[in-house]
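>>> A structural model of the following input is requested.
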Amino acid sequence: MPWTEDFDGFLDALRREGKSRHTIDAYRRDLSALAELAGTRPPGSLTASHIRHFIAQLHARGLSGRSLGRMLSAWRGLFDWRIAQQGQSTNPCQGLRPPKEGRRLPHALAVDATAALLDGVEPTSALDCRDKAMFELMYSSGLRLSELAGLDIPDVDFEQGLARVLGKGNKTRIVPVGSVARQALQAYLRQRLAQDGETALFTGKGGRRLGARQIEKRLASWSVKSGASQHVHPHMLRHSFASHLLQSSGDLRAVQELLGHANLSTTQIYTSLDYQHLAQVYDAAHPRAKRNKDSDK
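Okay, the predicted model is just below:
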């Protein structure tokens, strides 16, 4: 088997270099984890995208940045050995870094818990319809609380399934809106309470823009009704969006761009996006965004 042959050859090379038994055992464990993640893929077929996906999976399981850094070092060593001994052209681990400590997405809900919360919002009144639309949109598109509260009606393009969001630093980004969120929004807009000239997408009883604090209170109330075991705040839906999409797709760049970040671990200048590519990744991976063209008609 390719993995067994490579492991034996690489670990023999480490022994000849004088590495300790403890170090070699650690390398063997880290390489075994790589083989398990790779499944039926042979070593020479792995790309940087595969390695990023593997790191994301391990991070989601709770491995620390330090542990992931050690694993990456072992994996990088294996592929360097393959380049020297077997003529592999590139090292898929080259240039990759583990997540920084303390930057793991915090307090994300499980997929089932998220579904239970959102499905538990029964639209029996105009305000309930509004709440369901807010929470579905926040999870569907990974919005910050301030971004959700700041939306105006023209910001949502139902035909294209997109929303224009004003994020931090007054930077605008375009995000996909899943079919479930679009349906909830359309149901809400048929009952929306608004004073003359009010352009805010989400309004309160008085017909004026709903504030961030009111949105937070409504989500907390619905989370209690859904039987959630913890306090659910709006940013938790954004964290859940990022965590679920990252675990499903493994496309770090797409998730980072959808969140409005150049990188999850550092703040960088917002860059231009390939919206078509992002929409394809989103539609294929997001648990609640599978497009259903018939349902939109």
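
>>> so which residue is smack in the middle of the chain?
Per Cα atoms, centre = their mean, the C-alpha nearest to the average position across the chain is that of Ala242, at 2.2 Å.

>>> quick check, it in contact with Val255.
Yes: shown here, Ala242 and Val255 form a contact pair, counting by Cβ atoms under 8 Å, at 5.8 Å. Just so you know, the C-beta spots here come from the backbone N, C-alpha and C atoms, and that holds for glycine as well.

>>> test my guess that Leu185 contacts Met134.
No: in this structure, Leu185 is not within contact of Met134 by Cβ under 8 Å, at 9.1 Å.

>>> of those two, who's got more company?
Neighbour tally, Leu185 and Met134, criterion other Cβ atoms under 10 Å: the higher count belongs to Met134, 29 against 25.

>>> around the nearest residue to that one once chain neighbours are set aside, count how many other residues there are.
Using Cβ to Cβ, 6 or more residues apart in numbering and skipping residues adjacent in sequence, the residue nearest Met134 is Phe202, 5.7 Å away. Counted with other Cβ under 10 Å, residues neighbouring Phe202 total 24.

>>> next, Ser89: phi, psi?
Main-chain dihedrals, Ser89, degrees, to the nearest 10: phi -80, psi -40.

>>> returning to what we had before: report the distance from the helix or strand hosting the residue nearest to the centre of the chain to the chain centre.
If you go by DSSP states H and E, Ala242 is part of helix 234-249. Centroid displacement of helix 234-249 relative to its chain, using Cα atoms, centre = their mean, to the nearest Å, is 4 Å.

>>> hmm, who's touching it?
Helix 234-249 has contacts (Cβ atoms under 8 Å, 6 or more residues apart in numbering) with 56-57, 60, 105-109, 111, 114, 135, 138-145, 148, 212, 215-216, 219, 252, 254-255, 258-259, 264, 281-282, 284-287.
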